[in-house]
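# I'd like to go over a predicted model; first the sequence, then the structure.
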Amino acid sequence: MATPKPPDKDLSELIAQLEADRAWLLEQIDRGRWVELRLDLAALERELGQLLIRAAESLEAENSHNK
């Protein structure tokens, strides 16, 4: 039986995957994909970046508080 991962490990992995998805989205926008949606996608990418920064900072603060 596999040992379950701690929730903060799962959250860290989720943040990392979303960062990778955000980078992919930004690359696609820069390459000119989805021209008609460019402004909306760029706004979404910025909001996602801000959300991920806050999530990572919150996780970091919680981890340092629990030590």
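Cool, got the structure.
# Give me the buried positions along the helix ranked longest in the chain.
Counting by DSSP state H, the longest helix found in the chain is helix 38-65. Buried residues in helix 38-65, counted by 16 or more other C-beta atoms under 10 Å: 41, 45, 48, 52, 59. The C-beta positions use only the backbone N, C-alpha and C, and glycine is treated the same way.
# and the first one, how far is that from residue 21?
Per C-beta to C-beta, to the nearest Å, residue 41 is found 12 Å from residue 21.
# Give the residues shared as contacts by those two.
Here residue 41 and residue 21 share no contacting residue, scored by C-beta atoms under 8 Å, 6 or more residues apart in numbering.
# Grab the nearest non-local neighbour of residue 55.
Leaving aside its chain neighbours, residue 55 sits nearest to residue 15 (5.6 Å; criterion: C-beta to C-beta, 6 or more residues apart in numbering).
# Could you grab the helix/strand/coil label for the one you found?
Classification of residue 15 by DSSP: H, G, I helix; E, B strand; the rest coil places it in helix.
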